[in-house]
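1. build me a model:
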Amino acid sequence: MGSQDLRILLVVAIFFFLASINQYHGSFDVSFDEDGQVQSVPAEAGDDDLYYTHHIATFKNDQVRPWTTADTVALSTREGQEIFEFLGAPPASPRPVREALPIGEQRLGRGNEDRAGYDAAVSSTDRSKAGGSDKMFLHLTKRLRAYRGLWQHLQPDYEGLRSEEKQDQFYVRPSLDMAPAVRLLQKMEWSLFPWILKTYATTFDLYHETVAAASRRPIDERRGIVMCVGDKHSVYARTTVKVLRDVLKSSLPIEIYYAGEQDLSQENRAWFDQLPGVKVIDITTRLDQSLLHLSGSIIKPFAMLVSQFQEVILLDADAYFLQDPENLFDDGGYQEVGTVFFYGRTVPNKSSKVSQASKRAWLESSLPSVSNHPSKTRWFRSKGNQDQDSGVVVMDKRIHFLGLLAICKLNDIQERNQATYRGIWGAQESFWIGLEMIQERYSFIRFGGGVIGDLGDSIPYKQDSPSAPTRMDRVCGNQLHFNHKGQPLWWNSGLVRDKTTDGSPYLKYTAWIRDEHGIWDIEHSCLIQAFHGALKEVEWNHRQTAFEMLRIDRGVAQELGQPSVKNIMTVPRLLRTDGVKGGNGNNDAV
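-> Numbering: from 1, shown residues only. From the prediction side, this is the model:
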């Protein structure tokens, strides 16, 4: 019997096993993800069903434990005081707790079903080896999960005080029965998020200002775009903002964040400020920069956190959409769990200093329980060095306020220097890992990042010789991302063939290909078709949209009048005869 026959038998066996389980009612077909993962889906599912279009991270009910009144009572015991000290200790240097006090035994009693959140927060194994940087993230995960349960448990009390305009008494005069839990929450906030307390007395105040208050505003005011822009990327951001307004006709308000006077010049701030619906904000006035040292892409999750928008689209300065990004709020995954995440391209692990095996081991050691998603990642399947692309991130803070706190925690100065950026690729992976740590569901559009640009390897300024042949089995250009139907939606890395090379020409945007259908030439940003028919032609209306972007970009360059910053290049002619199938404006395969 061949390997193919064995695989078929295995699939059939899985089908009958699932069909035999009562909770599934026997109504299942078995399908394969394009990444090779087997997933079970309802037999009646349609083309727009989330099982086909997204990867939804879901936790088992018994993994997410709430904080209860019994947990608060337990804090008053001798063992509870030890736990109090453990949860409130700084994650970078946790205070050891004696191994002889396992939760669930001795004075705290055994078999109390109402103490689930307390038991989940700290186990005897965790407390026996509280010191050491190798355990730092495991301890941080435990603290974040305990914090989530405690925060949710105490929120009604805070809201009650706020309704009487007495919220300033939350920490000062808690009721006798709630006092131990309130003191623990205060201690944990000082330990985990001290950079918030420069401006806000508690994270509840931040939540109320940026989430609860926004819910009372019209929907077109509580939704918006957040961009993080320094002088280096301001030239891209100028084009992006004008494209949003003049080409895509987006009316979403925009907040542009920068980190201090040295990050974004007065001239650039004034340029953005004079645009209708655009607000420029120094993030160091909202958070304690002396504790964070924010710069570059690190600012991203913090900007989302303090943004006045309740529903946020985080957008890179060099990211360009083919339609109004506001449509992302209608995405099925967003409607289901409050996020839209995008996968990046499949980058080989050859250049990484950290092996994929060690990355997986690091993640497994940091998360005592996980959702169903990590097994789908390229890390766990040894398929690539990256997983998420943070060029566009969509989040509903009503659902993910605590998750954003966890994401920010992974990017504060202690965590990013000691562990986060050593184990993962910068800030981008921290979005889904932060939600894993605090156990909030999230959603990825299932398609990996592809390429959009010119058909063939049209980079004469980098070819070995001017006479080198153009290889027509590939698409070279910018990294492309897709909507839930696998159609081009947005790309990043600007509008030229290679933004890091002086004199690089504008792209014509005639062809595209998906990550799953090609073989990467990462060095040249090309994707080579893996089979006949993988190359697709950009729809004519999308080519027209891209052409308008090029015209705006050239106008921005002329306005700046600084060739050293950006060359004033010729916009290529828009011709139907360019493209995969002679420019017929179709989506047929080669």
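2. quick one: buried residues of stretch 143-160?
-> 143-151, 153-154, 157-158 (16 or more other CB atoms under 10 Å). C-beta: built from backbone N, CA, C; applies to glycine.
3. tell me the one of the residues you listed nearest Lys508?
-> Sorting those by distance to Lys508 puts Leu144 at the head of the list, at 47.1 Å, by CB to CB.
4. chain center to the helix or strand hosting the closest one, what's the gap?
-> With elements taken from DSSP states H and E, the one containing Leu144 is helix 136-163. Here helix 136-163 shows a centroid-to-chain-centroid distance of 22 Å under the convention CA atoms, centre = their mean, to the nearest Å.
5. need the mean per-residue confidence for that helix.
-> Helix 136-163 carries an average pLDDT of 93.
6. run the angle between the following helix or strand past it and helix 136-163 for me.
-> Counting by DSSP H and E, the next helix or strand C-terminal to helix 136-163 is helix 179-192. Helix 179-192 runs at 120 degrees relative to helix 136-163, counting by axes from the mean of the first three to the mean of the last three CA atoms, to 10 degrees.
7. show me what helix 179-192 is packed up against.
-> On a contact count with 3 or more CB pairs under 8 Å, 6 or more residues apart in numbering; DSSP states H and E, helix 179-192 meets helix 69-74, helix 78-88, helix 136-163.
8. for it, what is the average pLDDT?
-> Mean pLDDT, computed over helix 179-192, is 95.
9. would you mind writing the CA trace of whichever helix or strand comes after it as PDB?
-> Downstream of helix 179-192, the next assigned helix or strand under DSSP H and E is helix 203-207. Extracted C-alpha coordinates of helix 203-207, given in PDB (Å, rounded to 0.1, in the frame of the first residue of the first chain):
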ATOM      1  CA  THR A 203      -6.200  51.000  33.700                       C
ATOM      2  CA  PHE A 204     -10.000  51.300  34.300                       C
ATOM      3  CA  ASP A 205      -9.600  55.000  33.700                       C
ATOM      4  CA  LEU A 206      -7.700  54.300  30.400                       C
ATOM      5  CA  TYR A 207     -10.400  51.800  29.400                       C
END
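10. which residues sit against helix 203-207?
-> If you take CB atoms under 8 Å, 6 or more residues apart in numbering as the criterion, helix 203-207 is touched by 151, 155, 158, 167, 170, 189, 193, 196, 199-200, 305-306, 401, 405.
11. now it, how far from the chain's geometric center?
-> Using CA atoms, centre = their mean, the offset of helix 203-207 from its chain centre is 22 Å.
12. next one: stretch 57-66
-> In this view, stretch 57-66 has its centroid 20 Å away from the chain centroid, taken as CA atoms, centre = their mean.
13. tell me the buried residues in it?
-> Result for stretch 57-66 [16+ other CB under 10 Å]: buried residues 57, 59, 64-65.
14. low-confidence ranges, the protein, go.
-> Applying pLDDT under 70 to the chain picks out residues 1-48, 91-134, 349-356, 418-426, 458-470, 562-567, 581-590.
15. mind running it again at 50?
-> Scanning the chain for pLDDT under 50 picks out 8-42, 93-133, 583-590.
16. got the domain ranges for it?
-> For the chain, the structural domains run 3-60, 69-192, 219-445, 450-560, going by automatic domain parsing.
17. the inter-axis angle of the helix holding Leu144 versus helix 78-88?
-> Using the same axes, to 10 degrees, the inter-axis angle of helix 136-163 relative to helix 78-88 is 100 degrees.
18. quick revisit: just the buried members of the contacts of helix 203-207?
-> Those of the contacts of helix 203-207 that meet the buried threshold are 151, 158, 167, 170, 189, 193, 196, 200, 305-306, 401, 405, by 16+ other CB under 10 Å.
19. residues contacting Arg497?
-> By CB under 8 Å, 6+ apart, the contact set of Arg497 is 453-454, 458-459, 476-477, 504-507.
20. excluding its backbone neighbours, what's nearest it?
-> Excluding its sequence neighbours, the residue lying closest to Arg497 (CB to CB, 6 or more residues apart in numbering) is Ser504, at 4.7 Å.
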